[in-house]
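J.: No letters, just coordinates:
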Ligand code: R5P
């Protein structure tokens, strides 16, 4: 087995190579004068299974990942296992207004054209899996969060919306503590209203856990509300840290501590998903 990484996922790919005890191959990338991307996998992988790791957070990452898995397939890889730690375009898994595309379906079918298995990490909405022809593997990340918080005397794990309550509850159960969710209503892409239920959080240590931080609006508002209610320490955590519009500074000014995984590597990537993803890779290769 060999690993190839797109430019978005170098740090995670190195850790996965160590977990899976296999070589991470280099990739040559450049731009043609007209702006198109050129990509070439360096090294020998003919006949071997290839694990291709890359995010699809923006248009450049998408084309890079598609070129990479196609290169693996066209050049004689055994099985191509596509690993998309942060599967972008997953928000639109249905038509909300007439005339819209189903972007998660576009992404899924494009990737599945050139791979034998597709592994993602905590996709925004599992509704996307119904478009999969190959059986999407969605890896959940709980144990690394338990390790991070187990000695911090947490009283509540809070989800900033009802959709994330199961995730918060799972972490709370393993930390032997309680969970609840904030009632969040999205008015438009920039405005949300949030209401904390009538639970006494005065003097309590709280972990807010969300699937992703994008603009930071949700997490900033949730932190402010819990502090206003008298919470003592408010820790912020999310699986994916996008930090759109440079929201780093505002978030770090209002919270005790921030922890993000390395699906999108950044300064707060304090925990890795490499172990869980490597296990999923073993699962698809052994089960194949
Ligand atoms: C919403 O459904 C998600 O779980 C996140 O809460 C949301 O995407 C975070 O976005 P932002 O950081 O822009 O508030």
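T.: Thanks, I have the structure now. Source: prediction; values computed, not measured. Residues are numbered from 1 along each chain as shown.

J.: Quick check: nearest residue in space to residue 40, chain neighbours excluded?
T.: Closest residue to residue 40 apart from its sequence neighbours, by C-beta to C-beta, 6 or more residues apart in numbering: residue 28 at 4.5 Å. Glycine gets a C-beta too; all of them are placed from N, C-alpha and C.

J.: near the ligand, which residues of the chain?
T.: By C-beta under 6 Å from any ligand atom, the residues of the chain that approach the ligand are 160-161, 163-164, 210-219.

J.: hmm, who's touching the helix or strand the residue nearest to residue 40 falls within?
T.: If you go by DSSP states H and E, residue 28 is part of strand 27-31. By C-beta atoms under 8 Å, 6 or more residues apart in numbering, the residues outside strand 27-31 that reach it are 4, 5, 6, 7, 37, 38, 39, 40, 41, 42, 64, 68.

J.: just to revisit the earlier point, what is the burial count for the residue nearest to residue 40?
T.: 9 (other C-beta atoms under 10 Å).

J.: buried stuff in the strand holding residue 28?
T.: Residues of strand 27-31 classed as buried under the neighbour-count rule (16 or more other C-beta atoms under 10 Å) are residue 27.

J.: which other helices and strands contact the helix or strand just after that strand?
T.: Using DSSP H and E, the helix or strand that directly follows strand 27-31 along the chain is strand 37-41. Contacts defined by 3 or more C-beta pairs under 8 Å, 6 or more residues apart in numbering; DSSP states H and E place strand 37-41 against strand 27-31, helix 59-74.

J.: sorry, back to before: per-residue pLDDT, the residue nearest to residue 40?
T.: With respect to pLDDT, residue 28 scores 97.

J.: What's the ChimeraX syntax to select whichever of the residues of the chain next to the ligand are buried?
T.: In ChimeraX, a selection of the buried entries from those looks like this (16+ other C-beta under 10 Å):
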select :160,161,164,210,211,212,213,214,215,216,217,218,219
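
J.: Need the residues of the chain next to the ligand in JSON lines (columns: secondary structure, distance to residue 182 and pLDDT).
T.: Shown next, in JSON lines, are the residues of the chain next to the ligand (DSSP: H, G, I helix; E, B strand; the rest coil; distance: C-beta to C-beta, whole Å; pLDDT from 0 to 100):
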{"residue": "160", "secondary structure": "coil", "distance to residue 182": "5", "pLDDT": "96"}
{"residue": "161", "secondary structure": "coil", "distance to residue 182": "7", "pLDDT": "94"}
{"residue": "163", "secondary structure": "helix", "distance to residue 182": "11", "pLDDT": "91"}
{"residue": "164", "secondary structure": "helix", "distance to residue 182": "10", "pLDDT": "94"}
{"residue": "210", "secondary structure": "strand", "distance to residue 182": "10", "pLDDT": "97"}
{"residue": "211", "secondary structure": "strand", "distance to residue 182": "14", "pLDDT": "96"}
{"residue": "212", "secondary structure": "strand", "distance to residue 182": "16", "pLDDT": "95"}
{"residue": "213", "secondary structure": "strand", "distance to residue 182": "15", "pLDDT": "94"}
{"residue": "214", "secondary structure": "coil", "distance to residue 182": "17", "pLDDT": "92"}
{"residue": "215", "secondary structure": "coil", "distance to residue 182": "17", "pLDDT": "89"}
{"residue": "216", "secondary structure": "coil", "distance to residue 182": "15", "pLDDT": "90"}
{"residue": "217", "secondary structure": "helix", "distance to residue 182": "13", "pLDDT": "88"}
{"residue": "218", "secondary structure": "helix", "distance to residue 182": "9", "pLDDT": "91"}
{"residue": "219", "secondary structure": "helix", "distance to residue 182": "11", "pLDDT": "92"}
